[in-house]
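S.K.: Based on what follows, work out the 3D shape:
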Amino acid sequence: MDYKLQKEDKIFVAGHRGLVGSALVRQLRSKGYENLILKTRAEVDLMNQSAVEEFFKSEKPDVVILAAAKVGGIHANNTYPAEFIYENMQIQNNVIHMSHVYGVKKLLFLGSTCIYPKLAVQPIQEESLLTGPLEETNEAYAVAKIAGLEMCKFYKKQYGDDFISCMPTNLYGPNDNYDLNNSHVLPAMLRKFHEAKTNKKEFVELWGTGSPLREFLYVDDMADACIFLLQEYSGLEHVNIGTGVEISIKALAETIQKVVGFEGEIHWNTEMPDGTPRKLTSVNRLYNLGFTHRISLDEGIQLAYEAFLKEMSL
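M.R.: All right, here's what the predicted structure looks like:
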């Protein structure tokens, strides 16, 4: 059954303390959705099937947003692939299945655009899924996410559950992960340039050649898109969430350097990997539904840096 998000719904935001989950909570509250169920990992371990069942039995959420996941950059994905596939599949299997068992009216599963083939035709349309080999450096995470969106599709087909999926592009903003060992490219650069400026360094070293092209979406725009889909979409197919605009890693670095105010040089370590050469999503499906992002990359990086400074001072 198709269901539209209502103001009085009990909404469980799984993973509410992360980059994605905290943005969802911010935007839901700003739009008047106050009946939120927020649980820390210590309160409900989503990898524990009986704990998840007990939670659903007692709380009976109307709507579930599954934003909880083990995430990381190239280094983390390459180093811990077993953890990435195991933990993500445990979480989504438990939450999606118990959402079905306990009659959740609508579920939104959040994946990632790394689910698409490494050499998918650009911009990447939703139909590109499973048409070629994945990028090796994050294959374990991608396989788990593919399983999650297919699971939502099968529960919808077999049981009629209104379980939908969206695939956000690279996200950034408040509550990001700035750990240089396992963060994504944009927050890692913010921290590197900030520390170089603070320590009056002459240069910042960055990985690769700077040539890959990437798309970045400010996380509050992603949260707005999720709320829009919960209100307006009940289709079987997943939906890309992005901007449809790309930038080279080199140009991104120069933009961040300018925002942070670092006056030294950038040295590119070409011994290190670049990752996928280009990754741009087609956002036609989302835009045709009636949603467009609001925050430009320049404005978003400024907001992200302000949030970073605030978080570092806490």
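S.K.: Do you have the helices of this structure handy? List them.
M.R.: Counting by DSSP state H, residue ranges of the helices within the chain are 19-30, 49-59, 74-79, 81-101, 139-159, 185-198, 219-232, 249-260, 284-289, 297-313.
S.K.: Make TSV out of these and add mean pLDDT and mean neighbour count.
M.R.: The way it works is simple: take the backbone N, C-alpha and C, and place the C-beta from them, glycine included. Output for these, formatted as TSV (pLDDT from 0 to 100; neighbours: other CB atoms under 10 Å):
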stretch	mean pLDDT	mean neighbour count
helix 19-30	97	20
helix 49-59	98	15
helix 74-79	80	18
helix 81-101	97	19
helix 139-159	97	19
helix 185-198	96	20
helix 219-232	98	22
helix 249-260	98	19
helix 284-289	98	15
helix 297-313	96	16
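S.K.: Contact partners for residue 28?
M.R.: 11, 13, 36, 223, 227 (CB atoms under 8 Å, 6 or more residues apart in numbering).
S.K.: between those, which is closest to residue 299?
M.R.: Proximity of these to residue 299 was ranked by CB to CB; the top entry is residue 223 with 16.2 Å.
S.K.: In this structure the closest one contacts residue 31, no?
M.R.: No: judged on CB atoms under 8 Å, residue 223 makes no contact with residue 31 at a distance of 9.7 Å.
S.K.: show me the contacts for residue 72.
M.R.: 80, 84, 141, 177, 182, 183, 184.
S.K.: mind checking pLDDT for the nearest residue to the first one once chain neighbours are set aside?
M.R.: Which is residue 80. Excluding its sequence neighbours, the residue lying closest to residue 80 (CB to CB, 6 or more residues apart in numbering) is residue 72, at 7.6 Å. Reported pLDDT at residue 72 in the predicted model: 72.
S.K.: now residue 72: how far from residue 29?
M.R.: 28 Å (CB to CB, to the nearest Å).
S.K.: can you check residue 103 too?
M.R.: 25 Å.
S.K.: next one: residue 123
M.R.: 33 Å.
S.K.: Ok, residue 314 next?
M.R.: Taken as CB to CB, the span from residue 314 to residue 29 is 21 Å.
S.K.: Over to residue 254?
M.R.: Distance from residue 254 to residue 29, by CB to CB: 35 Å.
S.K.: just residue 181 next, same as before
M.R.: Applying CB to CB to residue 181 and residue 29 gives a distance of 32 Å.
S.K.: now do residue 272
M.R.: 41 Å.
S.K.: which residues does the closest residue to residue 102 other than its chain neighbours contact?
M.R.: Excluding its sequence neighbours, the residue lying closest to residue 102 (CB to CB, 6+ apart) is residue 56, at 4.2 Å. Contact analysis of residue 56 by CB under 8 Å, 6+ apart lists 98, 99, 101, 102, 104.
S.K.: quick one on the thing from earlier: and the contacts of residue 28 as JSON lines, adding distance to residue 192?
M.R.: Below are the contacts of residue 28 laid out as JSON lines (distance: CB to CB, whole Å):
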{"residue": "11", "distance to residue 192": "36"}
{"residue": "13", "distance to residue 192": "31"}
{"residue": "36", "distance to residue 192": "35"}
{"residue": "223", "distance to residue 192": "27"}
{"residue": "227", "distance to residue 192": "33"}
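S.K.: Out of those, which comes closest to residue 128?
M.R.: Using CB to CB, the contacts of residue 28 come closest to residue 128 at residue 223, 24.9 Å.
S.K.: Might you report the residue contacts of the closest one?
M.R.: Here residue 223 is in contact with 20, 23, 24, 26, 27, 28 (CB under 8 Å, 6+ apart).
S.K.: Please tabulate those in TSV, including the columns distance to residue 67.
M.R.: Written out in TSV, the entries for the contacts of residue 223 read as follows (distance: CB to CB, whole Å):
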residue	distance to residue 67
20	4
23	9
24	6
26	13
27	12
28	12
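S.K.: List just the nearest of those to residue 211.
M.R.: Residue 211 has its nearest neighbour among the contacts of residue 223 in residue 20, at 28.0 Å by CB to CB.
S.K.: Distance of the closest one relative to residue 35?
M.R.: 20 Å.
S.K.: cool, residue 154 as well?
M.R.: 29 Å.
S.K.: Surely residue 273 and residue 209 touch.
M.R.: No: applying CB under 8 Å as the test, residue 273 and residue 209 come out as separate, 9.9 Å apart.
S.K.: Leaving out the residues flanking it, which one is nearest to residue 104?
M.R.: Using CB to CB, 6+ apart, the closest residue to residue 104 is residue 64 (5.2 Å).
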